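**Q** Structure of the sequence below:
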Amino acid sequence: MDGPVIETPRLILRPPRREDFDPWSAMMQDAEGARFIGGPQPRSASWRGFCSVAGAWAMFGFAMFSVIEKSSDRWIGRLGPWRPEAWPGPEVGWGLARDAWGRGYATEGAAASIDWAFDHLGWTEVIHCIDPENAPSQAVAARLGSRRLGEGTLPAPFDTVTVDIWGQSAAEWRARAR
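**A** Below is the predicted model of the structure:
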């Protein structure tokens, strides 16, 4: 699939490719790894999610990127701009395979994605929908300069779960010291 390729010091962000599905599915089958990104899913449900992201790239010109670790050329997750129908706002979200946690990859990739969303999509704000129990993602949002804006809900089938909405404006993002 054509689309932008963003490089950070340690990561390559690009639209998903067919060969990304196996590691994507493995991430989504890991109960702890998928806990805050929709919960563990069988391969068939992972396929639908994977194709949803690929389809958003084709239909709208943006969606979450596949995250490739430069040092290993390995798929380690997905992150980036995301705005499904009835979503609470323009989100940059992240979900990494468990063996990639704790290395700063979410912050590094999300920062590059936020830059891209503001510069290329013309967004004026960005949010992050975070489970109130997900302290590591709250820490990522804080490192990005976002603050908790309040509670919210996602559209069905996740509408029974309350999330914390974190975010900031493009002006706040651009004004922060990097």
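
**Q** going forward, measure contacts and count neighbours with C-alpha atoms only.
**A** Noted.

**Q** Once you drop chain neighbours, what's closest to Cys129?
**A** Nearest in space to Cys129, with sequence neighbours left out and distances taken as CA to CA, 6 or more residues apart in numbering, is Ile165 at 4.9 Å.

**Q** can you tell me the helix or strand for the one you found?
**A** Taking DSSP states H and E as the definition, one finds Ile165 inside strand 162-169.

**Q** Do me a favour and average the pLDDT over that strand.
**A** The pLDDT scores in strand 162-169 average 97.

**Q** Give the partner strands of it in its sheet and their orientations.
**A** Partner strands and pairing direction for strand 162-169 (DSSP bridges) are strand 125-130 (antiparallel), strand 147-153 (antiparallel).

**Q** Alpha carbons only: can I get the longest one in CSV?
**A** Extracted C-alpha coordinates of strand 147-153, given in CSV (Å, rounded to 0.1, in the frame of the first residue of the first chain):
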residue,chain,number,x,y,z
ARG,A,147,-3.3,16.4,29.7
ARG,A,148,-6.4,14.6,31.0
LEU,A,149,-9.4,16.5,29.5
GLY,A,150,-12.1,14.3,31.1
GLU,A,151,-14.0,11.1,30.7
GLY,A,152,-15.5,9.8,27.5
THR,A,153,-16.9,6.8,25.7
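
**Q** which helices and strands sit right next to the top helix by length along the chain?
**A** The helix that spans the most residues within the chain, counting by DSSP state H, is helix 43-60. Secondary-structure packing of helix 43-60 (3 or more CA pairs under 8 Å, 6 or more residues apart in numbering; DSSP states H and E): helix 21-29.

**Q** could you say what helices and strands the helix it packs on packs with?
**A** Counting contacts by 3+ CA pairs under 8 Å, 6+ apart, the secondary-structure elements packed against helix 21-29 are helix 43-60, strand 74-82.

**Q** Deepest in the core, which of these is it.
**A** Between the helices and strands packed on helix 21-29, the one whose residues have the most neighbours on average, counting mean count of other CA atoms under 10 Å, is strand 74-82 (a mean of 23).
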